[in-house]
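Asks: got a structure for you, letters missing:
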């Protein structure tokens with residue numbers, strides 16, 4: 001028996017790029033859950049944002065935040081956690097990045113050489129303006145632990161040089177839908193692969209991984225998945241997925257495209273009947 005596990009980006013993928021609504025994807029999401037298919041957030045969002053969203057959607061399972069920086073499990077998880085998972089209050093955490101403070105220390109001298117605006121420079125009002133988030137959501141988005149978003153204001157050549165400088169400190173920079181994100185030596189694909197190994201041990205069956213994303217920071221996740229799905233964006237062109245000519249690109253954008261793709265996959269795998 002082959003088990004299906006779905007990993008999904010949020011902003012611009014499961015959530016609408018402008019309204020942040022997941023409602024158009026609800027039927028497909030609930031069909032996956034009813035079929036016993038784990039749907040795991042793999043996002044640039046913070047832990048605080050994801051916890052609120054999971055509560056809103058009525059789900060409680062593991063998730064990956066800040067572009068693969070950490071994997072979180074609820075305290076009552078029945079998954080077999082590896083020994084390197086840490087207890088963190090009423091949750092468990094696998095850290096894959098470094099603390100945000102270390103990233104800010106590295107960025108500090110680079111401000112004199114490159115032009116960018118960091119999240120730590122922004123007021124809540126500015127973050128609301130740049131993202132379209134309401135105040136409460138903007139406060140949660142600013143509560144980062146293992147990464148730092150940037151608004152890049154310099155040239156592409158300067159961006160490449162900055163990436164080289166960050167690499168000397170074992171940091172790298174990934175492009176998201178709205179920001180560039182500075183993180184440790186991790187990415188969404190590595191975090192997904194680590195969590196898949198946990199599910200493999202729990203299930204004991206073969207696993208088929210599905211990944212859905214819309215931006216450059218999803219490429220590592222999409223490249224590592226058995227079934228990669230690029231969800232079309234209204235804001236930018238689909239990212240290229242190297243060496244994966246079979247990649248699916250949805251016809252619709254955001255949660256509508258997510259729903260189309262997931263419904264098709266579930267039907268193909270015989271997990272649910274078309275509605």
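Replies: Arrived safely, thanks for sending. Every value quoted in this text rests on a predicted model; they were computed, and no experiment measured them. Residues are numbered from 1 along each chain as shown.

Asks: okay, CA-based contacts and neighbour counts for the rest of this
Replies: Noted.

Asks: May I have the predicted confidence score for residue 1?
Replies: pLDDT recorded at residue 1 is 60.

Asks: Helix or strand with the lowest mean pLDDT in the chain?
Replies: One helix or strand of the chain scores below all others by mean pLDDT, DSSP states H and E: strand 172-175, with a mean of 89.

Asks: pLDDT averaged over the following helix or strand past it - what is it?
Replies: Going down the chain from strand 172-175, the next helix or strand is strand 180-183, by DSSP states H and E. The pLDDT scores in strand 180-183 average 94.

Asks: still on that earlier bit, now do the buried residues in the least confident helix or strand of the chain.
Replies: For strand 172-175, burial by neighbour count (16 or more other CA atoms under 10 Å) applies to 172, 173, 174, 175.

Asks: Surely residue 42 touches residue 7?
Replies: Yes: with contact defined as CA atoms under 8 Å, residue 42 counts as touching residue 7 (6.1 Å).

Asks: re the thing from before, which secondary structure elements does the least confident helix or strand of the chain contact?
Replies: Under the contact definition 3 or more CA pairs under 8 Å, 6 or more residues apart in numbering; DSSP states H and E, strand 172-175 sits against helix 156-167, strand 180-183.

Asks: Output the ones you listed in CSV, with mean neighbour count and distance to residue 60 appended to each entry.
Replies: Converted to CSV, the helices and strands packed on strand 172-175 look like this (neighbours: other CA atoms under 10 Å; distance: least, CA to CA, whole Å):
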stretch, mean neighbour count, distance to residue 60
helix 156-167, 14, 35
strand 180-183, 24, 26
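
Asks: Save those as CSV, and put in distance to residue 75 too.
Replies: Compiled in CSV, these are given as follows (distance: least, CA to CA, whole Å):
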stretch, distance to residue 75
helix 156-167, 35
strand 180-183, 26
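
Asks: now the helices for the protein?
Replies: Along the chain, the segments classed as helices by DSSP state H run 26-34, 47-57, 100-110, 124-131, 135-142, 156-167, 188-203, 219-224, 254-268.

Asks: between the ones you listed, which one is nearest to residue 244?
Replies: Between residue 244 and these, the shortest gap by CA to CA is with helix 219-224, which sits at 7.1 Å.
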